[in-house]
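J.: next come a sequence and a model predicted from it.
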Amino acid sequence: MDRIYCIGDRDTVSALSLGDIEGLVVDEAEASGVLQDLISRDNAALIIITAGCSLAAGDMVAKHNLEKGRPFICEIPGIHDEEGFRTSLLRYVTEALGVSL
């Protein structure tokens with residue numbers, strides 16, 4: 001069964017776990033390795049990654065989405081991101097997934 005995964009800070013991962021999204025709490029130094037591991041999983045359909053972790057992973061997110069497309073990687077602001085975090089986390093998740101939680 002296809003799964004949705006989240007990579008990010010503890011608060012963001014905890015919030016998304018309410019929607020049955022499996023999350024991995026990582027710091028920015030671990031982001032690239034964890035992202036690569038999730039990309040290689042056969043059941044990964046969508047990977048949600050916080051902006052801080054995405055930035056730490058370099059161009060891996062954009063390159064993967066352009067070249068592979070599956071799983072799709074969606075960047076969202078982390079709950080502690082000051083830049084770009086203008087609305088509730090729930091709204092971002094709802095927009096990214098197209099479902100109401």
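T.: Thanks, I have it. Residues are numbered from 1 along each chain as shown.
J.: I'd like the distance between the residue nearest to residue 68 when sequence neighbours are not counted and residue 64.
T.: The spatially closest residue to residue 68, leaving aside those adjacent along the chain, is residue 39, at 7.7 Å (CB to CB, 6 or more residues apart in numbering). Glycine gets a C-beta too; all of them are placed from N, C-alpha and C. From residue 39 across to residue 64, the span is 6 Å (CB to CB, to the nearest Å).
J.: between those two, what contacts are shared?
T.: With contacts defined as CB atoms under 8 Å, 6 or more residues apart in numbering, the residues shared by residue 39 and residue 64 are residue 73.
J.: could you list the paired strands of the helix or strand where residue 73 lies along with their orientation?
T.: Taking DSSP states H and E as the criterion, residue 73 maps to strand 72-76. Partners of strand 72-76 in the sheet, by DSSP bridges, are strand 44-50 (parallel).
J.: so how far is stretch 35-43 off the chain centroid?
T.: 12 Å (CA atoms, centre = their mean, to the nearest Å).
J.: in that stretch, what's buried?
T.: If you call a residue buried by 16 or more other CB atoms under 10 Å, then stretch 35-43 has these buried ones: 35, 38, 39.
J.: can you pull the contacts of the closest residue to residue 13 other than its chain neighbours?
T.: In space, residue 13 comes closest to residue 23 once its chain neighbours are excluded; the distance is 3.2 Å by CB to CB, 6+ apart. Remark: with contacts taken as CB under 8 Å, 6+ apart, residue 23 is in contact with 5, 6, 7, 8, 12, 13, 14, 16, 17.
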